[in-house]
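1. My questions are about this predicted structure, shown below with the sequence.
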Amino acid sequence: MNPILEAHGLGRTLAGERPVVLVHDVDLTIERGCFTTIVGPSGCGKSSLLYLLGMLDRPTAGSLLFEGRDMSGLSGDVLAQTRLARLGFVFQFHFLLPEFSALENVMIPMRRRGRLAPDEVRARGFALLSEMGLEGKERKTPDKLSGGERQRVAIARALANDPALVLGDEPTGNLDSVSSARVVETLRRLAHEEGRAIVCVTHDLDIAALSDVRVEMLDGRVEKVTDQRAGR
Amino acid sequence: MNLRGISFLLSIAVRHLARRKRQTAVAVSGVAVGVGFFLAVSAMMIGSQNDFVEQLIEAAPHVIISDELRSPSPQPGTRRFGEGAVDLRGYKVRTEVRGVKGWQGIVEAANAVPGALASPSLTGGVTLRLGGHEEALAIVGVDPEVETKISTIEDQLRVGRLRDLETVQGGIIIGEELAARLGVKMGDIVAASTSSSKARSMRIVGLFKKGQAMISSNSGYVLLREAQSLLGRPFIINRIGIHLDDPYAAQEVAARLEQRFGYKAESWQERSSEFLSLLVTRNVIMYSVVSAILLVASFGIYTVVSTSVSDKRRDIAILRSIGFSERDLQLIFVLEGIMLAAIGVIFGWMLGYVLMEILASLSFPIAGEDQSVPLDRSTRQYVIAAASSFIAGSVAAWLPARKAARVDPVDILRGAA
């Protein structure tokens, strides 16, 4: 076991006249070098759990340990800084910034972080895009790219700051089967060859079958965690 | 955040604005028009004000000591028995000869003030007569040599010079209009008389231009000695004019001299206090009109940034998920406002410059003389216009930018998924 993220009794309730429970009492450990999928019917709280794990949302109960550090109660700035340096997000819709070219989109996290010199940022941007098979499309704006290409740009952007944890919210949900397979292959490679922790929410059971750990959710609770590596 | 970080956020702001060219153009022109008209109007207002104040300052000596007292001097009885139990009333008031007593001492004291020059003079009323025509005239007896140094009278002469008073026996300088009414010209002779003296002949040696607001059309200049003898008041003067190198020290100098000698010493500020308070009102009006223009311009900025924020909610969520902080997002949109203001200021400066050029090329006939609009073209106005636009722009952008910072990325991401 090599945990990067540990959730203990994690819960998220929307306050209001009739409180809505999105996530309830989740205990979950995410490992480095492991491709984890979260599956379940619509509205079961998959995405909500993912946002909690990605520190985009704050839990109303329980605690979250990221790289051994308790993240609950930290300021928004610290969480933003952690996301910038250690996390990468890929969403169902590509979510690229429309005014920026593919290359510029990939460069945004690096430029915000400001660790690398401008020419290094540029070189890494080119390298990431060519790794995703997007050579020659660096200057194109998102509207000039196909759905699969955009999603690969989004993955390249998620990897820009060399994150330890990549979170995907239905990253293949909007793609045809060929593009989808390619994206899944990329995510698996990121886990197995580069040792990153990958967590993907999906409703595609074929993808879940290809993952190392499968988390099944129902009504905001984790029903079952299956380690699928043993059988292979 | 370092400079590179801010310039990166700025580049995002630039992209946002480049996307909405028309709105940007409207907001920018709002600021530009505001700044441009502020520059033109304030140049005119301040220019004419400076011109006016200069006229006020130079129209007459900066400090005038007259033979008046602010309060009457106590009668001998009161002076003798100040603490007396009985208040005497209805006694015969002592008649005192009018005029500044010991004026040589005052002139000396005034000249001792650094940068000051004092000129004693005697004023009084005479009647000018020519044929059957009579005109009342207030004559001022001066020492031409000193008087030219302390006042701008010399510039207001159409013909002749103040010095000519010394060389011509019985010389007098009067206004053009008065000369026209009497039907006299340069070199002509008129009769001058007072109630107590017989008429004597005076020769016209100079004429004042008409329309000089500060010199009454019914005043004339003669030699001090001439005035003393004409008015029958030998060795007496009733006015000391003081010119100062620094006109703004007038109030202080006047107060000191008045305290020391007792005679009323009036600074130009006191003399023209109504005018000066009028100028304050004028400035208040100008600045409130200009603030209103800039306020309207900042509405434009508010609108652009506010629509930008609502259009970019999705992008805000993406940037937040990437790891931009709330402050980063707020700064992006504030920078949008500041950029709009900056571009507007640059165009506004150009507009203001052009407007000033146009104003400067105009001239209006005032009192027969072609005069151009007095303009104040100091860089100070450019700086004030820029600074207030930047403040207005930042505040106008800051309000919607706060909204951008408060966007909850989860709401957006959940809604889109």
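-> Good, I have the coordinates.
2. secondary structure element for B:Ala118?
-> Secondary structure from DSSP states H and E places B:Ala118 in strand B:116-130.
3. So for that strand, mean pLDDT?
-> Throughout strand B:116-130, pLDDT has a mean value of 88.
4. what does stretch B:111-122 rub up against?
-> For stretch B:111-122, the external contacting residues (C-beta atoms under 8 Å, 6 or more residues apart in numbering or on different chains) are B:61, B:99-100, B:103, B:106-107, B:110, B:140-143, B:146-147, B:149-151, B:224, B:227-228, B:231, B:233, B:236-246, B:249, B:253, B:256. The way it works is simple: take the backbone N, C-alpha and C, and place the C-beta from them, glycine included.
5. before we move on, back to that, in the strand holding B:Ala118, which residues are buried?
-> B:116-124, B:126, B:128 (16 or more other C-beta atoms under 10 Å in any protein chain shown).
6. related to what we said a few turns ago, which among the contacts of stretch B:111-122 end up buried?
-> Buried, going by 16+ other C-beta under 10 Å: B:61, B:100, B:103, B:106-107, B:110, B:140-143, B:146-147, B:150-151, B:224, B:227-228, B:231, B:233, B:236-244, B:249, B:253, out of the contacts of stretch B:111-122.
7. Among these, which ones are in helices?
-> When the buried ones among the contacts of stretch B:111-122 are checked against helices (DSSP state H), the matches are B:103, B:106-107, B:110, B:146-147, B:150, B:224, B:227-228, B:253.
8. Out of the residues you listed, which is nearest to chain A?
-> Lowest distance from chain A to those (C-beta to the nearest C-beta) belongs to B:Val253, with 62.0 Å.
9. Per-residue pLDDT of the closest one, please?
-> Value for B:Val253, per-residue pLDDT: 88.
10. quick one: contacts for it?
-> B:62-63, B:110, B:113, B:116, B:242, B:244, B:265, B:267.
11. for stretch A:85-102, which positions count as buried?
-> In stretch A:85-102, counting by 16+ other C-beta under 10 Å, buried: A:86-97, A:99-102.
12. show me where chain A has strands.
-> A:3-14, A:20-31, A:35-39, A:61-66, A:69-70, A:87-90, A:165-169, A:197-201, A:213-218, A:221-227 (DSSP state E).
13. could the ones you listed be laid out in TSV, adding distance to B:Leu182 and mean pLDDT?
-> Formatted as TSV, the strands of chain A follow (distance: least, C-beta to C-beta, whole Å; pLDDT from 0 to 100):
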stretch	distance to B:Leu182	mean pLDDT
strand A:3-14	99	85
strand A:20-31	102	85
strand A:35-39	111	89
strand A:61-66	104	86
strand A:69-70	103	84
strand A:87-90	98	88
strand A:165-169	102	89
strand A:197-201	107	90
strand A:213-218	112	87
strand A:221-227	114	82
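14. Identify the residue nearest the residue nearest the centre of chain A in space, chain neighbours excluded?
-> Of all residues in chain A, the one closest to the mean position by C-alpha atoms, centre = their mean is A:Leu167, 1.1 Å from it. Nearest residue to A:Leu167, sequence neighbours excluded (C-beta to C-beta, 6 or more residues apart in numbering or on different chains): A:Gly54, at 4.6 Å.
15. Just flag the most distant two among the buried residues of stretch A:85-102.
-> Pairwise distances across those (C-beta to C-beta) peak at 26.9 Å, for the pair A:Arg86 and A:Glu99.
16. picking up where we left off before, tell me the least confident of the ones in helices among the buried ones among the contacts of stretch B:111-122?
-> Least confident of these in the model: B:Ile150, at 81.
17. That one - nearest residue in space that isn't next to it in sequence?
-> Nearest to B:Ile150 is B:His243, by C-beta to C-beta, 6+ apart, at 3.5 Å.
18. For the one you found, give me the pLDDT.
-> pLDDT, read off for B:His243, is 89.
19. Beta-bridge partners for it, please?
-> Beta-bridge partners for B:His243, by DSSP bridges, are B:Leu117.
20. which stretch among the strands of chain A comes nearest B:Ile316?
-> Closest among the strands of chain A, once you apply C-beta to C-beta, is strand A:87-90, at 14.1 Å.
21. Residue of chain A closest to chain B, please.
-> A:Leu84 (2.6 Å).
22. Any regions of the chain where pLDDT drops low?
-> Went with chain A since none was named. In the predicted model, chain A carries pLDDT under 70 at residues A:1, A:94, A:231-232.
23. wrong one, chain B
-> For chain B (pLDDT under 70), the answer is B:1, B:73-75, B:77, B:88, B:94, B:96, B:211-216, B:366-370, B:415-417.
24. which residues touch A:Leu65?
-> A:5-8, A:71.
25. How many residues are close by the closest residue to A:Leu210 other than its chain neighbours?
-> Of all residues not flanking A:Leu210 in the chain, A:Val184 sits nearest, at 6.0 Å (C-beta to C-beta, 6+ apart). Around A:Val184 there are 23 other residues, counting by other C-beta atoms under 10 Å in any protein chain shown.
26. In the sheet, which residues pair with the residue nearest to A:Ala158 when sequence neighbours are not counted? Tell me.
-> Once flanking residues are discounted, A:Ala158 sits nearest to A:Gly88: 3.0 Å by C-beta to C-beta, 6+ apart. Here A:Gly88 sits in beta bridges with A:Val166, going by DSSP bridges.
27. wait, A:Gly88 sits on A:Gly168?
-> No: here A:Gly88 does not reach A:Gly168: they are 9.1 Å apart, not a contact under C-beta atoms under 8 Å.
28. Alright, that wraps it up for me.
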